[in-house]
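Visitor: With the input below, show me the fold.
(2 chains)
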There are 2 protein chains.
Amino acid sequence: MVPKLWNETIEAHRHAVREATLDTTAALVARHGLRAVTMSRIAEETGIGRATLYKYFPDVEAILIAWHERQIAGHLDRLAELRDRAGSAGERLEAVLEAYAFIQHRHHGTDAAALLHQGEHVIRARRHLGDFLRDLLAEGARAGELRDDVAPDELAIYCLHALAAAVDLPSEDAVRRLVAVILAGIRPPS
Amino acid sequence: MVPKLWNETIEAHRHAVREATLDTTAALVARHGLRAVTMSRIAEETGIGRATLYKYFPDVEAILIAWHERQIAGHLDRLAELRDRAGSAGERLEAVLEAYAFIQHRHHGTDAAALLHQGEHVIRARRHLGDFLRDLLAEGARAGELRDDVAPDELAIYCLHALAAAVDLPSEDAVRRLVAVILAGIRPPS
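Guide: Next comes the predicted model:
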């Protein structure tokens, strides 16, 4: 049993170092901007050796992408949780759209964001979210809560693009109004 | 009078060379892709000397940007014409949104597009179009045709983002449905 426990301890340690590195890097980049952050600085602030850091990640970009993947996974978990709550499909869709609009509203405008949003992992996450919205839109259409004269996959594309407007809006109230406008677009035509 | 006529002739000639260069370059890039098109090839196809071409433009990118600026100016003229037609603000807004959705639907996916859409001239054009939509939305709200519970500048941001969905849609019918969905979002809430 000892080797197994030992392996688990190493695994836990590695996980903790990795998580701490991601947190430190994200904080440094948020404070100083992408270009000002070096591997040495990250190692120092994380409290590990520079050589150790290089065993985990080849460069600052790789750390940021790993951090961003973790962020996105957290967002998708949160959205899936809202989707799986009690309530009608329309109510749950509203909760998901509002949560995603706020995610977009809060995460914009940095040089790091411009780099990260071109990544393959973002395209994958966007596709995942599109499928997810499509299924919820289809459920809402079957229940008569949402329009059924436009295919759910087309409505999902509309939602994803329209929600990106949250990036350009000046306040959280404006984001809430945006979600109301988007929802008005997908309700059954009167 | 002779010098003036002569100057006008030179001016007309320069304009014609410039226009022909833009047309040739756009056609070459559409056929072969951005990376495969050289200044020599452009000069040859336009029927001018390579040295002459360099008097007009420093490189292929500069020609493409000039071409794109001309395209955008043409699009904005067309949209302004639709805005200024007879009809209610809601009808004219619908015509403008549909025309812009089709412009987006047709112009996507090339490597040239990715380059061009980061240009300063695109940001300017987008701002111009945003102001233009805002004014039309305000007019529609005053007329009671469009919702007045959300500010026109916020609705313009919504429209611009939602219209970008046209790039991802598979058919012209899907683009028409998108416009109907967007319009449903900005009508007065029932």
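Visitor: Show me how chain A divides into domains.
Guide: What automatic domain parsing lists as the domains of chain A is A:2-58, A:62-186.
Visitor: can you give me the strands in chain A?
Guide: For chain A, strands defined by DSSP state E do not occur.
Visitor: Any residues of it in contact with chain B? List them.
Guide: A:147, A:149-150, A:154-155, A:157-158, A:160-165, A:168-169, A:174, A:177-178, A:180-187, A:189-190 (Cβ under 8 Å from any Cβ of the partner chain). Where you see a C-beta, it was placed from the backbone N, CA and C, and this is true even at glycine.
Visitor: rerun at 7 Å
Guide: Residues of chain A lying near chain B by Cβ under 7 Å from any Cβ of the partner chain: A:150, A:154-155, A:157-158, A:161-162, A:164-165, A:168-169, A:174, A:177-178, A:181-182, A:184-186, A:189-190.
Visitor: Can you give me the neighbour number for A:I103?
Guide: Using other Cβ atoms under 10 Å in any protein chain shown, A:I103 has 17 other residues around it.
Visitor: show me what contacts it?
Guide: A:H75 (Cβ atoms under 7 Å, 6 or more residues apart in numbering or on different chains).
Visitor: about what we covered before: of the residues of chain A next to chain B, buried ones?
Guide: Among the residues of chain A next to chain B, those classed as buried by 16 or more other Cβ atoms under 10 Å in any protein chain shown are A:150, A:154-155, A:157-158, A:161-162, A:164-165, A:168-169, A:174, A:177-178, A:181-182, A:184-186.
Visitor: what about A:E120, distance to B:A12?
Guide: 51 Å (Cβ to Cβ, to the nearest Å).
Visitor: longest helix anywhere in chain A?
Guide: helix A:2-32 (DSSP state H).
Visitor: can you pull the buried residues of that helix?
Guide: A:V17, A:R18, A:T21, A:L22, A:T24, A:T25, A:A26, A:L28, A:V29.
Visitor: circling back: next step: the buried ones among the residues of chain A next to chain B restricted to helices.
Guide: The members of these that map onto helices under DSSP H are A:154-155, A:157-158, A:161-162, A:174, A:177-178, A:181-182, A:184-186.
Visitor: Excluding chain neighbours, what is closest to A:D149?
Guide: A:P189 (6.8 Å; Cβ to Cβ, 6 or more residues apart in numbering or on different chains).
Visitor: check contacts around the one you found.
Guide: For A:P189, counting by Cβ under 7 Å, 6+ apart, the contacting residues are A:R147, A:D149, B:A184.
Visitor: In contact with the last one: list those residues for me.
Guide: Which is B:A184. Contacts of B:A184 by Cβ under 7 Å, 6+ apart are A:A184, A:G185, A:P189.
Visitor: center of chain A - which residue?
Guide: The centroid of chain A falls nearest to A:I72 when counting by Cα atoms, centre = their mean (2.9 Å).
Visitor: ok, A:V96 touching A:D84?
Guide: No. Using Cβ atoms under 7 Å, A:V96 and A:D84 do not qualify as a contacting pair, with a distance of 10.2 Å.
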